[in-house]
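[1] Got a predicted structure plus its sequence, pasted below:
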Amino acid sequence: MSGNPNLDQLKSAFATWNESKGAVSPWLDLFDDEVCICSMDEASAGLSFAEDRRSKEQAAAYFESLLRDWQMVHWTPETYICDGDKIAMFGRCAWTYKATGRTAEVRAAHLWQFRGDKVIQFTEVFDSGRAAAAATP
């Protein structure tokens, strides 16, 4: 236990996400009904999932879109930094694009903002160039 219940929840969700290779319920349980997901580069090949979302329902669609086209190899958080209601996570992940069979290993950074014990905003940054290259036939 870290002494920060939101950090403990986040670490648990990442552990389940990695071990299950895609269990969505831990994330949805963390999200506020009006969570904002800020992603990037949905116009690149294979990254249609990476559009901004503005509700828990849309967040579920984000994961559905991601898992429809990509298969997780691993998700490895390396560093967490807490500052008030925000937690930054830096790590690495690898995903295989199902249509090409190519894998992208990328570094990723997330910024999580909480209100109470719920995530109200999640911002992700990752190497979209490597991901798009894996998705390009």
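    Noted; the coordinates are in hand.
[2] Distance check, the residue nearest the centre of the chain against Q58.
    Nearest to the mean C-alpha position of the chain, counting by C-alpha atoms, centre = their mean, stands E124 at 6.6 Å. The span separating E124 from Q58 equals 15 Å under the rule C-beta to C-beta, to the nearest Å. Every C-beta, even on glycine, is put in place using the N, C-alpha and C of the backbone.
[3] which stretches of the protein form strands?
    When assigned using DSSP state E, the strands of the chain occupy the ranges 31-38, 70-83, 86-97, 103-115, 118-126.
[4] coming back round to it: which residues does the residue nearest to the centre of the chain contact?
    Under the criterion of C-beta atoms under 8 Å, 6 or more residues apart in numbering, the neighbours of E124 are 37-40, 50, 108-110.
[5] Now the buried members of those residues.
    Among those, those classed as buried by neighbour count (16 or more other C-beta atoms under 10 Å) are 37, 39, 50, 108, 110.
[6] For C38, see how far away the fourth one is.
    Using C-beta to C-beta, A108 is found at 14 Å from C38.
[7] Check what pLDDT the closest residue to P137 other than its chain neighbours gets.
    Setting aside the residues directly before and after it, P137 is nearest to T100 in space (C-beta to C-beta, 6 or more residues apart in numbering), at 5.9 Å. At T100 the predicted local distance difference test score is 98.
[8] got it, and D41?
    In the predicted model, D41 carries a pLDDT score of 68.
[9] pretty sure D117 contacts P5?
    Yes: taking contacts as C-beta atoms under 8 Å, D117 lies within contact range of P5: 6.5 Å.
[10] Can you point out the buried residues in the least confident helix or strand in the chain by mean pLDDT?
    Of the helices and strands making up the chain, the lowest-confidence element is helix 128-135, at a mean of 93, by mean pLDDT, DSSP states H and E. Taking 16+ other C-beta under 10 Å as the basis for neighbour counts, the residues of helix 128-135 that come out buried are 128, 130-135.
[11] still on that earlier bit, any chance of the buried ones among the contacts of E124 in TSV with distance to R68 as columns?
    As requested, those are arranged in TSV below (distance: C-beta to C-beta, whole Å):
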residue	distance to R68
I37	17
S39	16
A50	13
A108	20
H110	21
